[in-house]
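Asks: Sequence first, predicted coordinates after that:
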Amino acid sequence: MATLSLTQFLTLDGVYQAPGGPDEDRSGGFEHGGWSVPFGDEDFGRHIDRIFARPTAFLLGRRTYDIFAGHWPKRADPDDPVASKLNSLPKYVATTTLDSADWAGTTLLRGDVVEEVAALKERLDGEIQMHGSGGLARTLLAHDLIDTLHLHVFPVVLGTGFRLFAEGARPAAFRLAEAAVTSTGVALHTYERAGRPAYGSYA
C-alpha cells in the first residue's frame, strides 16, 4: 500500500494560490501571483530535490496538471531531479473535464475522487506525491487520505486567495516530523497524520 504526501507552498495567512507566477491562477480576481519566487535560494532548491528523490507516482489536480504539463516535458535533462521524475513516473490526474492527456505516463481519474484515490493507494506501493493541487488536497484531507504534509511557509501575508485550511476544515492532528528554515526565511515543516485532536484545559 502506498502513502500519499502533499507538498504545498503557503503564505503566513495560509494562502496557496498562484505561488509561481502572476498569471498562474487569477481566479477570484487574485492579483498576488508569484509571491514565492523572491524567496527561492539554494537551501530551498536542495530541499525540493530531496522531496523529488522519493516518489513512485504523482497525483495532481486539473489546474496543477495543466501548469506542469505545459512546462516540465520541455525540460529533458536526465540530471534534473524534478524533471526526470515528473517526466518518467506515472501521473494520475483527478478531473471531470479532461478527456485525454498528452503527457506520457498520465492516467485520468474521472470517477469519485475519494474512491479513486483510496483505490490508488491500495493498488500502488511507495510514495504518491501531490504538489500544489490545493482544491484536491482539501477534499482528500477531509477524508484522511493524505498521510504526510510538506508545508513550506513563506514570510508573506496576502490577505486574499484560496486557503488550504479554510473555515470548516475537518479537525485533525499531526505530528511534526521535520523542521528547517532557509536563508530567506521559508519555514520547511513536515507533518505526519496522527488522528484527531486531543483536548484539555489550563484551568
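Replies: Thanks, I have the structure now. Just so you know, these numbers come straight off a predicted model, no measurement behind them.

Asks: OK, contacts around the spatially most central residue of the chain?
Replies: What sits nearest the mean C-alpha location of the chain, by C-alpha atoms, centre = their mean, is residue 131, with 2.8 Å. Residue 131 is in contact with 6, 7, 8, 58, 60, 64, 68, counting by C-beta atoms under 8 Å, 6 or more residues apart in numbering. C-beta here means a position set from N, CA and C on the backbone, and glycine is covered the same way.

Asks: On the three-state scheme, residue 197 is what?
Replies: coil (DSSP: H, G, I helix; E, B strand; the rest coil).

Asks: what's around it, how many residues?
Replies: When neighbours are defined as other C-beta atoms under 10 Å, residue 197 has 9 of them.

Asks: That one reaches residue 174, doesn't it?
Replies: No. Counting by C-beta atoms under 8 Å, residue 197 does not reach residue 174; the two are 9.5 Å apart.

Asks: what is in contact with those two at once?
Replies: Shared contacts of residue 197 and residue 174, defined by C-beta under 8 Å, 6+ apart, are absent.

Asks: Look up the closest residue to residue 40, ignoring the ones flanking it.
Replies: Spatially, and ignoring its direct neighbours in sequence, residue 40 is nearest to residue 184 (7.6 Å; C-beta to C-beta, 6 or more residues apart in numbering).

Asks: next one: residue 16
Replies: Closest residue in space to residue 16, ignoring its immediate chain neighbours: residue 134 at 4.4 Å, by C-beta to C-beta, 6+ apart.

Asks: Grab the nearest non-local neighbour of residue 25.
Replies: Looking at residue 25 with C-beta to C-beta, 6+ apart, the closest residue is residue 18, at 4.2 Å.

Asks: circling back: what phi and what psi does the backbone show at the residue nearest to residue 40?
Replies: Backbone geometry at residue 184, expressed as degrees, to the nearest 10, gives phi -100, psi 0.

Asks: list the contacts for it?
Replies: By C-beta under 8 Å, 6+ apart, the contact list for residue 184 reads 38, 39, 40, 41, 43, 44, 155.

Asks: With residue 169 instead?
Replies: If you count contacts by C-beta under 8 Å, 6+ apart, residue 169 has them with 138, 141, 142.
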